[in-house]
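[1] sequence plus the predicted model coming up.
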Amino acid sequence: MLGQLRRIVQDVAQEPSLAKALSGLVSNVKAALKTECCSVYLADYTQQHFMLMATDGLNPDAVGNVAIGFSEGLIGWVGQREEPINLAQAHLHPRFKVTPEVSEDCFSAFLGCPIIHHRKVLGVLSIQQAASRVFNEDEESFLVTLGVQLASVLVNAEMRQQVARPQQSHVGQLQGLIGSPGIAIGEGVVLEPVADFDAVSMRQSDDPERELAAFYRAVKMTKAEFNRLSQRMDGHLPADALAIFDVYHQLLDAASLGREIEQQIHEGWCAKSALKRVVERFARQFDDMDDAYLRERGTDIRDLGQRVLNHLLDSEQRQYKLPNDVVLVADNVTASMLAEIPRAQLVAIVSLKGSVNSHAAIMARALGIPAVMGVDGLPLLQWQGQALVVDGHQGQVLVSPAEAICQEYRQLMNKDAELNARYQSEMHLPCQSLCSVPFELMVNSGLSIESEFLHADSTDGVGLYRTEFPFIMRSRFPSELEQIELYRKVLSAYPQKPVIMRTLDVGGDKPLPYFPIAEENPFLGWRGIRLTLDHPEIFLVQIRAMLKANIGCDNLHILLPMISDLSEVDESMRLIRQAWFEVDDEFNSEGIVPKPKVGVMIEVPSIMFQLPELAQKVDFCSIGTNDLTQYLLAVDRNNPRVGNLYDALHPSVLRALYQIAQQSQGLQLPISICGEVAADPLGVVILAAMGYQRFSMNQRNLAKIKWLIRRIDVSELRLLLPEVLACASPKHVRQQVQRFLDQKHLLNQLRA
């Protein structure tokens, strides 16, 4: 059964035509379950009905012509209940709807199963039989399992259909998560694509000679690769094992696979599509053979095709010229990817993985460009060269939009520019509330972007300098001298203002390419201070570099990440003292090496309950709301499947922040907020009501937050706070704060 399921799903995924894919689906299911009828209905939410899209057993003329309302018939009932319906005598059921066009009078037994993707019913798969019987558990289980596996495949198939018809006015609209607000229009550019036949779109080409040349070039490179592999393994493997490389050479020759691929290219397919069609057809033929040895040859065919595809993609990447307006698309956007694209050309980011507060989203906000995260519906390779509108306000991406739609979005971009100009006009004014309560606004920095330092005069310092990004951008650990130069540049850019430098915080979603860490659950693993305390040689070099860079500046503050236990604070302080004595001794104890203030990030819940002890050991604390939210809610903030559960305005998170605020005030422990909630107007209103007065955020949000703070009265916020803390959900929290801002005529000017 498992093999049949896999084959049915693969056939749907690999068929470029949705109509043919669904037609093959119903025939394959009918054969697998030995039933008399199988049909598939797809949901149309604009018309509020299920449309019959394919059938093997009902009247074929009804396909595309018969629709059943969401609240009608057994199909509508399956959709409403979102669970299988199994009936022995369907025509006797009160929900049965007579539809003469489908000709189903001869069937009694009915089993319908919903196809659901991300809590949304995409359609219904049904089987029917003339005999009055209840379908057995195996049959029902098969259909349920198939429905689950088909869900994401059907989403991708529908999107492929839209992408394949860019000349039509219909827009492919994909929903993701809001990573960074704003709107941009540009062309999709995929960096570091992984060769994957499932992701290859079926595309035609009007230049067969160019496609043939690309294919021949990839074949030549693949043969050279096999020659190198064969030579490397010669002497280590027996001759019969090495013979596989000769088989690969023969398969690539024009008399074998090569000829088939050439024929497909002459018929109008591009090289990648031709390769996919031939490789998958041959591999399936081997898969169906009874002989185990011959079945294994299907694996060889796929391996061969994968290598040719790799070389096709590598060649395309080298020859590809970046467009003027680049929308960077990747599985997970990294700092190194951002460095590959000139800042003047990068207009937006689309990440197929990741969530609202993944580091890809944080980088996008620091750059001030829109980003949409966790976008599902189009395989990675199919984004290349697509015309895109990225709406970071709504978390949507429009694929191949019509010019009229682009024009509407250009008007929205102009409105955004007007709002930003309004915020910027007050950047030089004091940051204080209507009731004269002073606030400090600091910047989050570390992406090595010169624009981070352009408005140093308008900020109160650096609330979080992420030292990990310079580490990530290199191919090795930076030397002490390299770090000194880097840190001095930052410290000197903010004279007489605090610069809080966080020690190396890698692991989780920030791996070092030259120091790979393989863990089943990296967010609960070896990261942050845990890693650097285990490698004091890394920690000491970094602290020494910070101390030396601080000579003559005297504005360094050191921040320790991922602290979960007081013993980690003690060990860190011991190493910091050791580094200070070493540097002081190096300068002959002349008293020129300042002792920096040392603080701790509150991001692991355990340390929240040890604030009194912590206050005796450190000078300040900074709350990292991104990870604190992640750990309190047990939600991986990079996982789009649970991204909707990650919310810094969750009542539990807010109550934890209020508890920290109350305790820190009693302990007279300086505390700030450096997570992304500090850049959210709604979050700032709540935090100010709790008594927080020091916020650190990306440079792009400073002007908006200062503009807002200058228009609020803290005494009024304190009256709002009990209502907010009593809310039962993040949705209710937002409604309360939005209502407050609306009463002050501020909401429509914030895009909050």
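    On my side now, so go ahead.
[2] element containing Tyr409, please.
    helix 403-424 (DSSP states H and E).
[3] output the lowest mean pLDDT helix or strand found in this protein.
    helix 239-252 (a mean of 63; mean pLDDT, DSSP states H and E).
[4] so Pro495 touches Gly552, yeah?
    No: using CB atoms under 8 Å, Pro495 makes no contact with Gly552, being 10.0 Å away. Using the backbone N, CA and C atoms, a C-beta is placed for each residue, glycine as well.
[5] which parts of stretch 417-430 are buried?
    419, 423-424, 427 (16 or more other CB atoms under 10 Å).
[6] can you check stretch 378-386 too?
    Result for stretch 378-386 [16+ other CB under 10 Å]: buried residues 378-384, 386.
[7] might one say that Ser273 is in contact with Met202?
    Yes: look at Ser273 against Met202 with CB under 8 Å: they come within range, at 4.8 Å.
[8] so, low pLDDT: which residues of the stretch 301-450 of the chain?
    Residues of the stretch 301-450 of the chain that meet the criterion pLDDT under 70 lie in 315-320, 335-336, 356-357, 359, 447-450.
[9] show me the helices in it, by range?
    Taking DSSP state H, counting those that start in this stretch to define them, one finds helices in the stretch 301-450 of the chain at 335-340, 359-367, 403-424.
[10] out of these, which is the most enclosed?
    helix 359-367 (a mean of 25; mean count of other CB atoms under 10 Å).
[11] so what's the gap between that helix and the chain middle?
    Remark: helix 359-367 is offset 12 Å from the chain centroid, using CA atoms, centre = their mean, to the nearest Å.
[12] which residues touch that helix?
    Helix 359-367 is contacted by residues 179-180, 332-335, 338, 343, 346, 348-349, 351, 354-355, 370-371, 373, 392, 444, 447, 449, 452, 509-510, 626, 676, 679, 698-701 when judged by CB atoms under 8 Å, 6 or more residues apart in numbering.
[13] cool, stretch 585-599 as well?
    Residues contacting stretch 585-599 (CB under 8 Å, 6+ apart): 500, 546-548, 550-552, 554, 556-560, 572-573, 576, 580, 583-584, 618-622.
[14] so Val399 touches Leu378, yeah?
    Yes: between Val399 and Leu378 there is a contact at 6.9 Å, judged by CB under 8 Å.
[15] re earlier: which stretch among the helices of the stretch 301-450 of the chain comes nearest Ala109?
    helix 403-424 (46.9 Å; CB to CB).
[16] give me the contact list for that closest one.
    For helix 403-424, the external contacting residues (CB under 8 Å, 6+ apart) are 169, 171, 182-185, 389, 391, 398, 401, 703-704, 706-707, 749, 751.
[17] just the CA atoms of it, as PDB, please.
    The C-alpha trace of helix 403-424 is given here as PDB (Å, rounded to 0.1, in the frame of the first residue of the first chain):
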ATOM      1  CA  GLU A 403       0.500  45.900 -15.100                       C
ATOM      2  CA  ALA A 404      -2.700  47.400 -13.600                       C
ATOM      3  CA  ILE A 405      -2.000  45.600 -10.300                       C
ATOM      4  CA  CYS A 406       1.600  46.700 -10.300                       C
ATOM      5  CA  GLN A 407       0.400  50.300 -10.700                       C
ATOM      6  CA  GLU A 408      -1.900  50.000  -7.700                       C
ATOM      7  CA  TYR A 409       1.100  48.800  -5.600                       C
ATOM      8  CA  ARG A 410       3.300  51.700  -6.900                       C
ATOM      9  CA  GLN A 411       0.700  54.100  -5.400                       C
ATOM     10  CA  LEU A 412       0.900  52.200  -2.100                       C
ATOM     11  CA  MET A 413       4.700  52.500  -2.200                       C
ATOM     12  CA  ASN A 414       4.300  56.300  -2.600                       C
ATOM     13  CA  LYS A 415       2.000  56.500   0.400                       C
ATOM     14  CA  ASP A 416       4.600  54.500   2.400                       C
ATOM     15  CA  ALA A 417       7.300  57.000   1.400                       C
ATOM     16  CA  GLU A 418       5.100  59.900   2.500                       C
ATOM     17  CA  LEU A 419       4.600  58.300   6.000                       C
ATOM     18  CA  ASN A 420       8.300  57.700   6.300                       C
ATOM     19  CA  ALA A 421       9.100  61.300   5.400                       C
ATOM     20  CA  ARG A 422       6.700  62.400   8.200                       C
ATOM     21  CA  TYR A 423       8.500  60.200  10.800                       C
ATOM     22  CA  GLN A 424      11.900  61.400   9.700                       C
END
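[18] please shift the residue numbers so they start at 48 in all later answers.
    Sounds good: first residue 48 from here, last item helix 450-471.
[19] can you list the domains in this structure?
    49-210, 215-448, 479-796 (automatic domain parsing).
[20] I'd like those domains as a markdown table, with distance to Tyr456 appended.
    Formatted as a markdown table, those follow (distance: least, CB to CB, whole Å):
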| stretch | distance to Tyr456 |
| --- | --- |
| domain 49-210 | 18 |
| domain 215-448 | 5 |
| domain 479-796 | 19 |
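[21] need the least confident one among the ones you listed, by mean pLDDT.
    Ranked by mean pLDDT, the domains of the chain bottom out at domain 215-448, with a mean of 78.
[22] that older thread, with distance to Arg328 added, can I get the helices of the stretch 348-497 of the chain in JSON lines?
    Putting the helices of the stretch 348-497 of the chain into JSON lines (distance: least, CB to CB, whole Å) gives the following:
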{"stretch": "helix 382-387", "distance to Arg328": "35"}
{"stretch": "helix 406-414", "distance to Arg328": "37"}
{"stretch": "helix 450-471", "distance to Arg328": "38"}
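[23] Phe562: which of these is closest?
    helix 382-387 (14.4 Å).
[24] first vs last residue of stretch 675-690, how far apart are they?
    15 Å (CA to CA, to the nearest Å).
[25] element containing Glu529, please.
    Assigned by DSSP H and E, Glu529 falls in helix 527-540.
[26] what do you get for Val645?
    Element membership of Val645 [criterion: DSSP H and E] is strand 644-649.
[27] contacting residues around whichever helix or strand comes after that strand?
    Stepping forward along the backbone from strand 644-649, the first helix or strand reached (DSSP H and E) is helix 652-655. With contact meaning CB under 8 Å, 6+ apart, helix 652-655 is reached by 610-612, 647, 649, 661, 675, 678-679, 703, 706-707.
[28] any of those residues buried? List them.
    Buried among these by 16+ other CB under 10 Å: 610-611, 647, 649, 661, 675, 678-679, 703, 707.
[29] now, which of those lie within strands?
    When those are checked against strands (DSSP state E), the matches are 647, 649.
[30] and the strands in the stretch 198-347 of the chain?
    219-222, 224-227, 230-237 (DSSP state E, counting those that start in this stretch).
[31] so which of these is nearest Leu65?
    strand 219-222 (12.9 Å).
[32] who does Val397 form a beta bridge with?
    Val376, Val419 (DSSP bridges).
[33] okay, it and Ala231: tell me how far apart.
    Counting by CB to CB, to the nearest Å, the gap from Val397 to Ala231 is 10 Å.
[34] which residues are in contact with each of those two?
    Common neighbours of Val397 and Ala231 (CB under 8 Å, 6+ apart) are 374, 437.
[35] and the two? Which one has more around it.
    A count of neighbours by other CB atoms under 10 Å puts Val397 above the other of Val397 and Ala231, at 29 against 21.
[36] and the spatially closest residue to Glu770 that is not a sequence neighbour, what element?
    In this structure, Glu770 finds its nearest non-sequential neighbour in Gln783, 5.5 Å apart by CB to CB, 6 or more residues apart in numbering. Secondary structure from DSSP H and E places Gln783 in helix 777-790.
[37] then that helix to CSV, C-alphas only?
    Provided in CSV are the C-alpha atoms of helix 777-790 (Å, rounded to 0.1, in the frame of the first residue of the first chain):
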residue,chain,number,x,y,z
PRO,A,777,-2.9,38.0,21.1
LYS,A,778,-5.8,39.0,18.8
HIS,A,779,-7.6,40.6,21.7
VAL,A,780,-4.4,42.4,22.8
ARG,A,781,-4.1,43.9,19.4
GLN,A,782,-7.7,45.0,19.3
GLN,A,783,-7.4,46.7,22.6
VAL,A,784,-4.2,48.6,21.7
GLN,A,785,-5.5,49.5,18.2
ARG,A,786,-8.7,50.8,19.7
PHE,A,787,-6.6,53.0,22.0
LEU,A,788,-4.5,54.3,19.1
ASP,A,789,-7.5,54.9,16.9
GLN,A,790,-9.1,57.0,19.7
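[38] no more questions from me, cheers.
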